[in-house]
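Participant: With the input below, show me the fold.
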Amino acid sequence: MAHYYDSMPETASDRRNIEFRANGINFSFVTDTNVFSRNDVDKGTELLLTSVIDDIKESGAKKGTRLLDLGCGYGVVGVVMKSVFMAFDVTSVDVNSRAVNLAKENAAANNVKLAKCLQSDVLSALETDDIFDIVMTNPPVRAGKQTVFSFYEQAYEHMSKGAAIYSVLQRKQGAPSSEKKLKELFGNCETVAISGGYRVMKAVKESD
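Facilitator: Numbering: from 1, shown residues only. A predicted model of the protein is given here:
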C-alpha cells in the first residue's frame, strides 16, 4: 500500500492545484498522489503556521534566523514562513522524493527562495553543521511513534542553544506521548495552541 512517507512513490501522478491563504497572503500549491494532505492544507498545518507566526512576531523576528521545515510535504510550511519572514534562511526536508520535487516547484511558483530543499530520511542528508534556530513539524503519525520520536531526536542534534521546535498533533494521534518525549529530550514543553482536536507544542533547547 502506498503512503505519503514512502521515499520513492510509484503511484501514477495526478497533479492538482490548491489555493491557501496565510497571514494575509495568497498561495497556490501543486499537489500530487502519495503526498500528505493532497486535497487541501490540513488543519494541523494551518494551526501550526498561525501559532508559530504569532509566537515569532511576539518575541521579535531576527534576520538570518535558520528555520527547518521537517517533513515538508509539498512545501507549505517552508514557503509560507519564508514569505512572511523574508530575512529567514529556510531549509525543507522530506523522505518522499515526489514531495521534495513539489516543494521546490511550489517555492519557485510562489516566488520564494529556500536555502535548501532536500530528500532526506529524517535529517540524515544534512551536514553536521546544519544548525537551526526554529524547527517546525507536522510529523508523520501514520509512520509510527518511533518515526515521530526520531524527528524530535534528530532535530535536537541540529538545534542551536535557545532554539525552539514546534510540533502539531491531534490528541488521538499521540499528542500526549509526544509531549512526554519532548519533555524528556528538552526538559520542557508547552502547549501554545489548541484547536479542532489539534495541539501545537513548543520545546526549547536550553543547552548545547
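Participant: buried set for the biggest helix by length in the chain?
Facilitator: For the chain, the helix with the greatest residue count under DSSP state H is helix 43-59. Neighbour-count burial for helix 43-59 flags 44-53, 55-56 (criterion: 16 or more other CB atoms under 10 Å). Any C-beta I mention is one placed from the backbone N, CA and C, and that applies to glycine too.
Participant: What is the subsequent helix or strand relative to it?
Facilitator: Once the chain leaves helix 43-59, the next helix or strand it forms, by DSSP states H and E, is strand 66-70.
Participant: Ser150: helix or strand, and which one exactly?
Facilitator: With DSSP H and E as criterion, Ser150 is part of helix 145-157.
Participant: So which elements touch that helix?
Facilitator: In terms of contacts (3 or more CB pairs under 8 Å, 6 or more residues apart in numbering; DSSP states H and E), helix 145-157 is packed against strand 66-70, strand 132-137, strand 159-170, helix 175-186.
Participant: so which of the ones you listed is the most packed in?
Facilitator: strand 66-70 (a mean of 26; mean count of other CB atoms under 10 Å).
Participant: in its sheet, what does that strand sit against?
Facilitator: Within its sheet, and counting by DSSP bridges, strand 66-70 is paired with strand 89-94 (parallel), strand 132-137 (parallel).
Participant: contact partners of the last one?
Facilitator: The reference is to strand 132-137. 48, 52, 56, 62, 65-71, 77, 81, 91, 151, 155, 158-160, 162-168 (CB atoms under 8 Å, 6 or more residues apart in numbering).
Participant: Now do stretch 92-99: everything it contacts.
Facilitator: For stretch 92-99, contacts defined as CB under 8 Å, 6+ apart pick out 4-9, 13, 32-36, 68-75, 77-78, 100, 103, 107, 114, 116-123, 125-126.
Participant: Of those residues, keep whichever come out buried.
Facilitator: Using 16+ other CB under 10 Å, the buried ones in the contacts of stretch 92-99 are 4-6, 9, 32-36, 68-75, 77-78, 100, 103, 107, 114, 116-120, 122-123, 126.
Participant: in this structure, which ranges drop under the pLDDT threshold?
Facilitator: Along the chain, the model assigns pLDDT under 70 to residues 1-9, 208.
Participant: just to revisit the earlier point, which stretch among the helices and strands packed on helix 145-157 comes nearest Gly197?
Facilitator: With CB to CB as the measure, strand 159-170 is the member of the helices and strands packed on helix 145-157 nearest Gly197 (4.9 Å).
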